[in-house]
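> Pasting the sequence and the predicted coordinates here, then a few questions.
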Amino acid sequence: MKLRCPQWLFLLSLSWLNLSAYSAGTELLPIRGLHCGVPGPNDVAMCAKFIREALPKEGVNTLVLEINYKYQFKRHPELAQEGALSQADVEELVAACKDAGVQLIPQFNCLGHQSWSRHTFPLLTKYPEFDESPGKYPDNEGIYCRSYCPLHPNVHQVVFALIDELAEVFQAGAFHVGMDEVFILGDEDCPRCQTKSKAELFAGEVTALHDHLARSQRTMWMWSDRFINGEITGIGEWEASQNGTEAAILQVPKDIVMCDWHYEKAHATAPYFALHGFPVVSCPWRKADVALGQLEIIQKVRQYANEPVKQRMLGVLQTTWCGMSSFVRAYNGEEGVRSESARESADCFKKLFAAIREMKN
């Protein structure tokens, strides 16, 4: 019988470690990333300047831009939102990243996050038959975000076309598919999903997206929260899962880059993914102490773990949860930035990357 280390035992063992008792590692992290929402068309030039000038100075080598429906799709023009970027806008950002030596990774939210507040996004507005819970929750009352049905026979034809177009115009060797905070899955009224386990459904969609990207030799990135047992670890239902999807970790390909996000505490879950065979990046947001705690865990594992585990601890991806335009203005110290997320994430970013640069000194 093959024995596996349960999540609770692994996390408990890490809690006994006094990480401060060890000397800091000195290797530069392979991934030193920033995640931003897409800028508006009028701010592309400003953001391109930031990419060329600020990112190399800070030591950033990876930029994840969350696009979703903010691109003027040619294959499905009906799915572009107002204020979407043109192909020329994207090409300007791509050129800036090439000049700066920064890997540019587009993101499109798959499965969940198909709505926000009362606003349902274009995929389920234009193709309501793809909704996992069609006709339910008028005005999205009582839910967090809608999901598309992963078993609908036509949904991937559309989703894959969007992914392919974004990957091509961004000239991307990797693609981020989102997949965080999926709460509507295996709905009891969905004729296709109602008899399936949530872990089976989640693993199936992850694998379908992975295999599609693999056919064009692209690496898949995704948020990792649905693979963590939120009840056993005590992390809860947001940064981890309490609806049964965590078992999917044993059913998906191992070359997916797991983006392990934690914002209030530096939970020691990144090594859990590395021990399961996945490359992983830790993702802070607005609290510098949390970001530095995550960095310390990465350093210690990379310093003392066996080589295979060490090599899977790739680095960090600073999240911002605002448009890139707001983040750049906050980073530049401009007055009048209304987004609290922009101000807090810019401060966290500066402190985290200063600490990363110190690692090689």
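Structure's in. What do you need? Residues are numbered from 1 along each chain as shown.
> residues in contact with the host helix or strand of Glu165?
For Glu165, the host element (DSSP states H and E) is helix 155-169. With contact meaning Cβ atoms under 8 Å, 6 or more residues apart in numbering, helix 155-169 is reached by 67, 71, 73-76, 79, 87, 90-91, 94, 106, 108, 110, 123, 127, 130, 148-149, 172, 175, 177, 208-209, 212-213, 216, 218. In this view, the C-beta of every residue, glycine as well, is placed from N, C-alpha and C.
> Stretch 116-123 now?
68-69, 78-81, 113-115, 130, 139-140, 145-146, 148, 158-159.
> Can you name the element that comes right after the helix holding Glu165?
Heading C-terminal from helix 155-169 (DSSP H and E), you reach strand 174-178.
> Measure how far that following strand is from the centre of its chain, please.
Centroid displacement of strand 174-178 relative to its chain, using Cα atoms, centre = their mean, to the nearest Å, is 7 Å.
> on that earlier part again, which of the contacts of stretch 116-123 are buried, as a ChimeraX select command?
Buried residues among the contacts of stretch 116-123 (16 or more other Cβ atoms under 10 Å), as a ChimeraX selection:
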select :68,69,79,80,113,114,115,130,140,145,146,148,158,159
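> So which of the contacts of stretch 116-123 are in strands?
Of the contacts of stretch 116-123, the ones assigned to strands by DSSP state E are Ser115.
> Which of the contacts of stretch 116-123 fall in helices?
Among the contacts of stretch 116-123, the residues falling in helices (DSSP state H) are 158-159.
> Now, of the contacts of helix 155-169, which are buried?
Among these, those classed as buried by 16+ other Cβ under 10 Å are 67, 71, 73, 76, 79, 90, 94, 106, 108, 110, 123, 127, 130, 148-149, 172, 175, 177, 208-209, 212-213, 218.
> circling back to that earlier point, quick one, the helix holding Glu165 and strand 174-178 angle?
Between helix 155-169 and strand 174-178, the angle comes out at 140 degrees (axes from the mean of the first three to the mean of the last three Cα atoms, to 10 degrees).
> would you list every one of the helices in the stretch 1-150 of the chain?
7-15, 44-58, 87-100, 122-126 (DSSP state H, counting those that start in this stretch).
> Tabulate these (TSV), appending mean pLDDT and distance to Tyr304.
As requested, those are exported to TSV (pLDDT from 0 to 100; distance: least, Cβ to Cβ, whole Å):
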stretch	mean pLDDT	distance to Tyr304
helix 7-15	42	12
helix 44-58	98	27
helix 87-100	98	33
helix 122-126	98	45
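> wait, which of those helices is closest to Pro284?
With respect to Pro284, and counting by Cβ to Cβ, the nearest of the helices of the stretch 1-150 of the chain is helix 44-58 at 14.6 Å.
> Alpha carbons only: can I get that closest one in PDB?
Taking C-alpha atoms only, helix 44-58 is exported to PDB below (Å, rounded to 0.1, in the frame of the first residue of the first chain):
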ATOM      1  CA  VAL A  44      -0.800  51.200 -21.900                       C
ATOM      2  CA  ALA A  45       2.100  53.600 -22.600                       C
ATOM      3  CA  MET A  46       2.400  54.400 -18.800                       C
ATOM      4  CA  CYS A  47       2.400  50.700 -17.900                       C
ATOM      5  CA  ALA A  48       4.900  49.900 -20.700                       C
ATOM      6  CA  LYS A  49       7.300  52.500 -19.300                       C
ATOM      7  CA  PHE A  50       6.800  51.000 -15.800                       C
ATOM      8  CA  ILE A  51       7.700  47.500 -17.200                       C
ATOM      9  CA  ARG A  52      10.800  48.800 -18.900                       C
ATOM     10  CA  GLU A  53      12.100  50.900 -16.100                       C
ATOM     11  CA  ALA A  54      10.700  49.700 -12.700                       C
ATOM     12  CA  LEU A  55      10.500  45.900 -13.100                       C
ATOM     13  CA  PRO A  56      14.200  45.300 -13.900                       C
ATOM     14  CA  LYS A  57      15.200  47.700 -11.100                       C
ATOM     15  CA  GLU A  58      13.100  45.700  -8.600                       C
END
